[in-house]
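1. Model the following, please.
(one chain, ligands or ions: 1)
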Amino acid sequence: MEETQYITSINGVKIPYLIYGTAWKKNYTAFMVEKAVQEGFFGIDTAAQPKHYNEAEVGIALNNLKEQGIKRESLYLQTKFTPLSGQDPSSIPYDKNLPIEVQIFQSFENSKKNLQTSYVDTLILHSPIDPYPVMLRAWKAMESIQEAKGALQLGISNCYDLDFLKQLCKDVSIKPAVVQNRFYQETNYDKELRAWCAQNDIIYQSFWTITANPHILSSDTVEGIAQTHSRTPAQVLFRYLNQSGVTPLTGTTSKTHMRQDLSILDFELSPLELEKITTLLS
Ligand SMILES: NC(=O)c1ccc[n+]([C@@H]2O[C@H](COP(=O)([O-])OP(=O)(O)OC[C@H]3O[C@@H](n4cnc5c(N)ncnc54)[C@H](OP(=O)(O)O)[C@@H]3O)[C@@H](O)[C@H]2O)c1
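-> I've put the predicted structure just below:
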């Protein structure tokens, strides 16, 4: 890993500049993950949420890659605990009738088994939990997983309320090192939240980056910048995020797009170009 290829978190965890997302790939997840790593991805995102992710297939890919000489430790791996509200009732990876702490421990044990690993780099809470006292109990359970070295650090996803995030950071012993959010207009692209994360050593990861922003990608500004650099609009948006301290996720299934996404470090946007795109995102 070259230094420009990752951001080092507050816990010393190296987070790649681009993470490969494994949602919605069903029984071709292993094939896609193997391909993605062979193409050059070294960060993988999954979740203990069988409705959208096939963690066991990610584990199969990791095992195949190990046989090809790519060690687990050379990859960045993150998974999530998905609260009951995000699960399909027919495939919950824990006993929903047990206390939240036990749900988290069961889910995580299952994740480790699926992923054929003894630890994950980041364990992410898929969404905030209501009511807040239960949220704090859940976080404490996740902290104990980190303390037992099952996870090197913790994160939270779908967390769009900055006041909530600030409160959480005040109330817990181990603060989130990662926030993973949908990058879209409805939240004003989390502008304030991202700035606060940057000031507080929290790495912001974006998803829905391409899907939610066709108007940005087809704008004259982004198309013009893309032409200047002989790149695609998607590459420009990913590079913009990258230069702005954001780690995008991409779940592309296309080899061409994998290569395009991975090659965003080969060009650099000027301060004026960055400013023009920032203006678009408001
Ligand atoms: N925390 C959460 O709640 C949450 C929710 C959703 C997703 N996620 C994570 O985020 C990952 C990414 O999901 P996503 O929602 O951002 O969508 P995605 O699965 O990455 O899909 C994005 C779309 O962008 C296209 N694409 C990718 N690179 C491109 C390029 N260079 N040029 C043109 N098109 C390109 C893809 O098409 P092709 O396949 O044809 O390239 C696809 O249609 C998921 O796999 C999952 O791990 C997390």
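2. only C-alpha atoms for contact and neighbour calcs from this point on.
-> Noted.
3. Tell me which residue of the stretch 1-150 of the chain lies closest to the ligand.
-> Across the stretch 1-150 of the chain, the shortest distance to the ligand (CA to the nearest ligand atom) belongs to residue 21, at 3.1 Å.
4. That residue and residue 179, how far apart?
-> Going from residue 21 to residue 179 by CA to CA, to the nearest Å gives 15 Å.
5. So for the closest residue to the residue of the stretch 1-150 of the chain closest to the ligand other than its chain neighbours, what pLDDT did the model give?
-> In space, and not counting its chain neighbours, residue 21 is closest to residue 251: 4.3 Å by CA to CA, 6 or more residues apart in numbering. At residue 251, the pLDDT value in this model is 98.
6. Ok, residue 228 next?
-> On pLDDT, residue 228 comes in at 98.
7. now do residue 282
-> 83.
8. That one is in contact with residue 190, isn't it?
-> No: between residue 282 and residue 190 there is no contact under CA atoms under 8 Å: 10.1 Å.
9. Tell me which of those two has more neighbours.
-> Ranked by neighbour count (other CA atoms under 10 Å), residue 282 and residue 190 place residue 190 first, with 20 against 10.
10. and the more buried one, what does it touch?
-> By CA atoms under 8 Å, 6 or more residues apart in numbering, the contact list for residue 190 reads 160, 183, 184.
11. So which of those is the closest to the ligand?
-> Nearest member of these to the ligand, counting by CA to the nearest ligand atom, is residue 183, at 8.5 Å.
12. For residue 198, which residues are in contact?
-> Counting by CA under 8 Å, 6+ apart, residue 198 touches 204, 245.
13. shaky segments in the chain?
-> Residue ranges of the chain with pLDDT under 70: 1, 3.
14. Show the residue spans covered by the strands in the stretch 101-250 of the chain.
-> In the stretch 101-250 of the chain, the strands defined using DSSP state E, counting those that start in this stretch lie at 120-125, 151-157, 178-182, 203-207, 246-250.
15. hmm, back to that, now list the buried members of the contacts of residue 190.
-> Neighbour-count burial within the contacts of residue 190 applies to 160, 183, 184; the criterion is 16 or more other CA atoms under 10 Å.
16. Now render these as a markdown table, adding distance to the ligand.
-> Shown next, in a markdown table, are those (distance: CA to the nearest ligand atom, whole Å):
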| residue | distance to the ligand |
| --- | --- |
| 160 | 12 |
| 183 | 9 |
| 184 | 11 |
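17. In contact with residue 252: list those residues for me.
-> For residue 252, the contacting residues are 20, 21, 258, by CA under 8 Å, 6+ apart.
18. so the first one sits right up against residue 38, yeah?
-> No: with contact defined as CA under 8 Å, residue 20 does not count as touching residue 38 (11.9 Å).
19. The two - which one has more neighbours?
-> Taking neighbours as other CA under 10 Å, residue 20 and residue 38 compare with residue 20 leading, 23 against 13.
20. Could you look up the SS state of that one?
-> Taken by DSSP: H, G, I helix; E, B strand; the rest coil, the conformation at residue 20 corresponds to strand.
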